[in-house]
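A.B. asks: just the structure for this:
(one chain, ligands or ions: 2)
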Amino acid sequence: MDTIDQTAMKQGEAEKDGSAPVVAVVDLHKSFGSQNVLNGISLAVGRGETLAVLGRSGTGKSVLLRLIIGLEKPDSGSVRIHGQDIADLALDQMGEIRKKMGFLFQHAALYDSLTVEQNVAFPLLHHKKEMSKSERGDRVEELLAEVGMESALAKMPSDISGGMQKRVGLARALALEPDILLLDEPTAGLDPISSGEIDDLILKLQQEHHTASIVVTHDLHSAKTVADRLALLNEGDIVIQGTFEELQESDIEFVREFLKHS
Ligand SMILES: Nc1ncnc2c1ncn2[C@@H]1O[C@H](COP(=O)(O)OP(=O)(O)O)[C@@H](O)[C@H]1O
Ligand SMILES: [Mg+2]
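C.D. replies: Numbering: from 1, shown residues only. Ligands and ions are numbered 1, 2, ... in the order given. So this is what the prediction gives:
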């Protein structure tokens, strides 16, 4: 393990009760054919903590999230959720773990053919079968109120703005009370005002729910707003990991360039 790995693990171990970090990624490698995408990534996120993963397009940020969700398998290295390597889990155990993960994908934040209400109800319908229809209705309203979208219940995704779609996507991600929140470019494609509103909402949700969150973004301003720590990805490696201030103080040429042009 190199120094960055050790630092990442130490940060992950900084859980107050001494338990394993909620999410830990250890020396993760992933290639597609001859293309090395991730060359040994290590990071850890504790309860109530938000890590922003920054980097240019095509640096493997979405791949990293798919590895954490278990939608892709690493070539080597591991993804540990509450200390447990997900590679060791049976399908049904992984299903249970995934229920505790809320995610917002980069594209297709919502199901186009379902109303806003049906979108948010979807995880409840599939994973909370014991819920009555009226309980589910109440829960959907509560979730939509949390993101300020209760008036859009009957609308189709195509009838609301991109920012509103992301809000509804966040409500759906929270439906099963996750302890891990994975957000892939939650502000991409939004105008600056809507982006700022989504950042504020992510911060508010984070303060209320204390999830361990990983927010992937190429937007430094957004990362600075929502995250406790930032990890900068380039060519398959984490170039630096730390607070925004620590990034600002860095002498690493790539970090300085990234900050200058963001
Ligand atoms: N399933 C796949 N098969 C082949 N190549 C892939 C696959 N998924 C991602 N890649 C490649 O991996 C690289 C990183 O992709 P991605 O994680 O989506 O980047 P980003 O940082 O923009 O989210 C890209 O070059 C992409 O083309
Ligand atoms: Mg991506």
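
A.B. asks: quick one: list the elements packing against the helix or strand harbouring residue 67.
C.D. replies: Residue 67 is part of helix 61-69, with elements assigned from DSSP states H and E. On a contact count with 3 or more CB pairs under 8 Å, 6 or more residues apart in numbering; DSSP states H and E, helix 61-69 meets strand 23-32, strand 35-45, strand 101-104, strand 180-184, strand 212-217. For the C-beta atoms, the positions are set from N, CA and C on the backbone; glycine is no exception.

A.B. asks: which residue is nearest the middle of this protein?
C.D. replies: Among the residues of the chain, the one closest to the centroid is residue 182, at 1.8 Å (CA atoms, centre = their mean).

A.B. asks: measure it to ligand 1 for me?
C.D. replies: Note on residue 182: its distance to ligand 1, by CB to the nearest ligand atom, to the nearest Å, is 12 Å.

A.B. asks: report the buried residues of the longest helix seen in the chain.
C.D. replies: For the chain, the helix with the greatest residue count under DSSP state H is helix 192-209. Residues of helix 192-209 classed as buried under the neighbour-count rule (16 or more other CB atoms under 10 Å) are 194, 195, 196, 197, 198, 199, 201, 202, 205, 206, 209.

A.B. asks: keep only these that also lie close to ligand 1.
C.D. replies: Near ligand 1, judged by CB under 6 Å from any ligand atom, there are no entries from the buried residues of helix 192-209.

A.B. asks: picking up where we left off before, ok, the residue nearest to the centre of the chain - contacts?
C.D. replies: Residues in contact with residue 182 (CB atoms under 8 Å, 6 or more residues apart in numbering) are 65, 68, 69, 101, 102, 103, 104, 213, 214, 216.
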